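Asks: Structure for the following, please:
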Amino acid sequence: MGTSINVENLIKSYGSRKVLKAISFDIIGPGICGFLGPNGAGKSTTMKILSGLTQPSAGKALINGMNVVDKPEQIKRITGYLPENNPLYLDMYVREYLLMVASIYKISDRKNKVHRTIEQTGLAPEQSKKIGALSKGYRQRVGLAQNLLHDPDILILDEPTTGLDPNQIVEIRNLIKEVGREKTVMLSSHIMQEVEAVCNRVIIINNGEIVADDETSSLKFKMSGKITEVEFLENPALSDFANIDFLGSTELAETGKFLFKGQGDSDVRPQLFRWAVEHNRVIISMQQKEYGLEEVFRKLTG
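Replies: This next block holds a predicted model:
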């Protein structure tokens with residue numbers, strides 16, 4: 001049986017405040033799924049429920065077909081969860097700490113397993129140091145190593161690159177991509193470039209509701225279609241485009257350039273050229289573009 005996360009009408013309330021409003025989604029098989037949303041949208045709550053750290057108010061969350069409420073111990077054996085604020089024993093040495101974790105999981109041949117995991121996560125140069133003496137990037141590696149030791153089917157990572165410098169981000173990102181070849185990875189991040197770089201699928205949650213769920217490339221295309229970006233020598237007013245039949249929408253970007261979409265999914269460039277000639281407008285530049293994930297995120301979450 002393949003790995004799977006199944007969420008069905010999941011609700012979580014704190015008093016009268018409903019954090020999750022009957023959300024549903026499935027993540028099947030290996031790969032990396034980005035789980036995105038603004039602060040307070042319900043991302044971390046969902047991840048804690050899937051990891052068995054908090055219970056839902058209603059609905060179901062299943063890991064490999066097992067209900068996280070009914071079988072918490074079995075769930076912990078097949079999942080790894082790295083929270084945003086990664087708790088570690090700072091006075092322990094890296095190798096000592098990982099050996100302790102391996103003993104908690106009752107891993108056989110734990111010395112070899114710890115050695116292989118240290119190599120996999122790039123911790124070899126730092127394995128004899130105290131965790132408290134490590135940089136934030138290496139501490140994140142220790143957290144990942146801790147969650148890979150027991151060879152889980154599913155890895156749940158909540159903001160794994162928060163606070164890292166650009167080089168550390170690339171290193172952790174590459175490690176996550178490697179893990180995602182064999183395991184199901186659910187990744188929360190505020191860095192849209194990171195999500196575009198590593199995630200083959202994106203789920204966006206806003207105010208406790210799923211507002212998008214699609215492959216990363218498909219989501220960007222569906223949200224943008226064919227957008228034509230135009231820069232005029234002297235900008236017309238937005239109202240000048242209000243009654244033009246071939247235009248579906250017109251926006252003025254922060255850069256001062258105009259963004260045009262045609263009716264349906266038509267290419268408006270030839271008609272825009274003709275319009276400009278007829279109205280004595282000089283076009284400096286014109287190009288088709290698509291929204292990046294950051295623009296899609298802003299449109300969906302307001």
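
Asks: okay, CA-based contacts and neighbour counts for the rest of this
Replies: Noted.

Asks: Which stretches in this protein count as strands?
Replies: 4-14, 17-28, 31-36, 58-63, 66-67, 79-82, 154-158, 184-188, 201-206, 209-215, 227-232, 247-252, 258-262, 283-289 (DSSP state E).

Asks: now those strands in a markdown table, with mean neighbour count?
Replies: Conversion of the strands of the chain to a markdown table gives the following (neighbours: other CA atoms under 10 Å):
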| stretch | mean neighbour count |
| --- | --- |
| strand 4-14 | 17 |
| strand 17-28 | 17 |
| strand 31-36 | 25 |
| strand 58-63 | 20 |
| strand 66-67 | 18 |
| strand 79-82 | 23 |
| strand 154-158 | 25 |
| strand 184-188 | 25 |
| strand 201-206 | 23 |
| strand 209-215 | 17 |
| strand 227-232 | 20 |
| strand 247-252 | 16 |
| strand 258-262 | 21 |
| strand 283-289 | 13 |
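
Asks: out of these, which comes closest to Ile104?
Replies: strand 79-82 (13.9 Å; CA to CA).

Asks: Can I get that closest one in CSV, CA atoms only?
Replies: Taking Å, rounded to 0.1, in the frame of the first residue of the first chain, the C-alpha atoms of strand 79-82 are listed here in CSV:
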residue,chain,number,x,y,z
THR,A,79,5.6,10.1,10.4
GLY,A,80,8.2,12.7,11.1
TYR,A,81,7.2,16.2,12.2
LEU,A,82,9.5,19.2,12.3
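
Asks: counting contacts, what elements does it pack onto?
Replies: Applying 3 or more CA pairs under 8 Å, 6 or more residues apart in numbering; DSSP states H and E, we find strand 79-82 packed against helix 136-148, strand 154-158.

Asks: Report the strands that pair with it, each with its relative direction.
Replies: strand 154-158 (parallel) (DSSP bridges).

Asks: Show me the contact partners of the strand it pairs with.
Replies: Applying CA atoms under 8 Å, 6 or more residues apart in numbering, the external contacts of strand 154-158 come out as 3, 44, 47, 51, 78-84, 147, 183-189.

Asks: model confidence over that strand, on average?
Replies: Mean pLDDT, computed over strand 154-158, is 95.

Asks: quick one: low-confidence ranges for this structure?
Replies: Within the chain, the stretches with pLDDT under 70 are 1, 221-225, 265.

Asks: How is it divided into domains?
Replies: Residue ranges for the domains of the chain, per automatic domain parsing: 4-215, 225-295.

Asks: what separates the shortest one from the chain centre, distance-wise?
Replies: Same thing as domain 225-295. 31 Å (CA atoms, centre = their mean, to the nearest Å).

Asks: and if you look at the longest one?
Replies: Centroid separation between domain 4-215 and its chain, computed with CA atoms, centre = their mean, is 11 Å.

Asks: Next, the distance between the ends of it.
Replies: Using CA to CA, to the nearest Å, one end of domain 4-215 lies 17 Å from the other.

Asks: so Met13 touches Ser57, yeah?
Replies: Quick fix: residue 13 reads Ser, not Met. Yes - in this structure, Ser13 is within contact of Ser57 by CA atoms under 8 Å, at 6.1 Å.

Asks: where do the contact lists of those two overlap?
Replies: What both Ser13 and Ser57 touch, as defined by CA under 8 Å, 6+ apart, is an empty set.

Asks: Can you say which of the domains of the chain is nearest to Gly302?
Replies: Closest among the domains of the chain, once you apply CA to CA, is domain 4-215, at 9.1 Å.

Asks: List the backbone torsions phi and psi for Val121.
Replies: Just so we're on the same page, residue 121 is Thr rather than Val. The phi/psi pair for Thr121 (degrees, to the nearest 10) reads phi -100, psi 10.

Asks: Do I have it right that it meets Leu175?
Replies: Yes - if you go by CA under 8 Å, Thr121 and Leu175 touch, sitting 7.0 Å apart.

Asks: Show me what the residue nearest the centre of the chain bridges to in the sheet.
Replies: The chain has Gly34 as the residue nearest its centroid, 2.7 Å off, counting by CA atoms, centre = their mean. When assigned by DSSP bridges, Gly34 has beta-bridge partners Leu187, Val202.

Asks: Quick one: residues contacting it.
Replies: Going by CA under 8 Å, 6+ apart, the list of residues near Gly34 reads 186-189, 195, 199-203.
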